[in-house]
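[1] The following block contains a protein sequence and its predicted model.
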Amino acid sequence: MSEPKENAAPPAAAVKPSKGKVFLYRSASTLLLWTVVLSPALFHGKRLGDYSFVLILMVLSVLGLLEFYKLASSKGHLCFRWMGVFCGLILLGSTFYYLTAYWGKSAAASRANDFETAFLVLFLLGLCVRQLFAKNNPQGLFSVALTFLGLMYVPWLLNFVQKIYFFTGISGLLYVFYFILVTKFSDMGAYLVGSLIGKHKVIPRISPGKTWEGLGGAVLFSLAGSVAFYYFSAGHMQGMTLYHALFLGFILSGTAVVGDLIESLFKREAGFKDSGSFLPGIGGMLDLLDSILFNAPIMYLYLRHVIM
């Protein structure tokens, strides 16, 4: 066996891409992915388009929920993951049933909300009953709590996207495009400004890369995207005014950053940098959805109680 040469050069270190390249790569990946996700919405109001849109929401829900349960299980906690995944699909499918008129009945958002409430109560009850018959699971409280949290965090929050999509009396499709665009502008502003001039950390123990300067960039980009979408929509967004656009741009930027921080908290607790690795430049499905999840109910409730 030959001995290594004393003057052998050390292996070359991997070249780290510049922040500009990372920003462009992440932006392009996000834009391409959301274009694919939202493409069925172009056939809004037609059976094929609506079915495809909800099917894509179900796929996002399953992938995101499995990632959440993976994070939760990393510390040795047992989650009833397949029960959570199955019930998440039932929640999304049942909401679609009540919000559309494809089965010879009238669409009724109130029925969808009533069913949702009853379903969550029954799901929690079912988890408790499931734990009663679980063997060798001394951490039953954690199992019930984490499984229920997963359902609320991914399918339940994501369910508000289709509530906006099928909102009666307005162009729900435009409002879906609007709140996702504003949210992603917030993400880009936070990353770009934070990378360039960010110095003062927001919560370094949870997310060392988040800065107050980046938060300011998130607000500015979100406001710009909100106002631009309002003007370019040329009055097609029923009920939307410049004041609503400014207020929503500000609110959605804040909840987008908070949603990002909440997912960072989950990953930090589990000891992961990303929730997954199958999305180039982004990470996992939760890394794509984190800022969207909390903005969906904010947009829906604002539509229901303020704009309409």
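    Looks like it came in fine.

[2] so what's the residue nearest to C128 when sequence neighbours are not counted up against?
    Distance criterion C-beta to C-beta, 6 or more residues apart in numbering; nearest residue to C128, sequence neighbours excluded, is V144 at 6.1 Å. Yep, even glycine has a C-beta here, placed from its N, CA and C like the rest. The contact partners of V144, by C-beta atoms under 8 Å, 6 or more residues apart in numbering, come to 124, 127-128, 131.

[3] Stretch 217-237 - what's its average pLDDT?
    Averaged over stretch 217-237, pLDDT sits at 92.

[4] And the contacts of stretch 161-170?
    Residues outside stretch 161-170 that contact it (C-beta under 8 Å, 6+ apart): 41, 44, 50, 53-54, 57, 92, 95-96, 99-100, 107, 109, 112, 172-173, 175-176, 179, 237-239, 292, 296, 299-300, 303-304, 307-308.

[5] so where do the helices sit in the stretch 201-308 of the chain?
    Using DSSP state H, counting those that start in this stretch, the helices assigned to the stretch 201-308 of the chain run over residues 212-232, 242-270, 285-302.

[6] ok, back up a step: for the residue nearest to C128, report the pLDDT, please.
    Per-residue confidence (pLDDT) for V144: 92.

[7] Next: K163.
    If you check K163, the pLDDT there is 94.

[8] Wasn't it part of a helix?
    Yes: assessed by DSSP: H, G, I helix; E, B strand; the rest coil, K163 belongs to a helix.

[9] so how many other residues sit close to it?
    23 (other C-beta atoms under 10 Å).

[10] Of the helices of the stretch 201-308 of the chain, which is nearest W156?
    helix 285-302 (8.8 Å; C-beta to C-beta).

[11] Check which helices and strands the closest one is in contact with.
    helix 47-73, helix 157-165, helix 172-197, helix 242-270 (3 or more C-beta pairs under 8 Å, 6 or more residues apart in numbering; DSSP states H and E).

[12] sorry, back to before: buried ones from the contacts of stretch 161-170, can you make that a ChimeraX selection?
    In ChimeraX syntax, the buried subset of those is picked out as below (16 or more other C-beta atoms under 10 Å):
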select :41,44,50,53,54,57,92,95,96,99,100,109,112,172,173,175,176,179,237,292,296,299,300,303,307
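
[13] what's the neighbour count on the closest residue to G88 other than its chain neighbours?
    Spatial nearest neighbour of G88, chain neighbours left out: P155 (3.3 Å); criterion: C-beta to C-beta, 6+ apart. Neighbours of P155 under the rule other C-beta under 10 Å: 25.

[14] Of the contacts of V144, keep whichever come out buried.
    Buried among those by 16+ other C-beta under 10 Å: 124, 127, 131.

[15] Could you point out which of these is nearest to Y231?
    L124 (44.9 Å).

[16] where in this protein is pLDDT low?
    The chain contains residues with pLDDT under 70 at 1-34, 36-37, 41-42, 44-45, 103-107, 278-281.

[17] circling back: out of the helices and strands packed on helix 285-302, which is closest to F221?
    Closest among the helices and strands packed on helix 285-302, using C-beta to C-beta: helix 172-197, at 2.7 Å.

[18] before we move on, the earlier item: now, of the helices of the stretch 201-308 of the chain, which is deepest in the fold?
    Mean neighbour count (mean count of other C-beta atoms under 10 Å) peaks for helix 285-302 among these, with a mean of 23.

[19] distance between that helix and the chain's centre?
    Its chain's C-alpha centre and that of helix 285-302 lie 5 Å apart, by C-alpha atoms, centre = their mean, to the nearest Å.

[20] gap between the nearest residue to F123 once chain neighbours are set aside and M308?
    Take F123 and drop its neighbours on the chain: the residue closest to it by C-beta to C-beta, 6+ apart is C87, 5.3 Å away. From C87 across to M308, the span is 30 Å (C-beta to C-beta, to the nearest Å).

[21] for the nearest residue to S73 once chain neighbours are set aside, what are its contacts?
    Distances taken as C-beta to C-beta, 6+ apart put C79 closest to S73, at 5.6 Å, once the chain neighbours are dropped. C79 is in contact with 69, 72-73, 143, 146-147, 150, counting by C-beta under 8 Å, 6+ apart.
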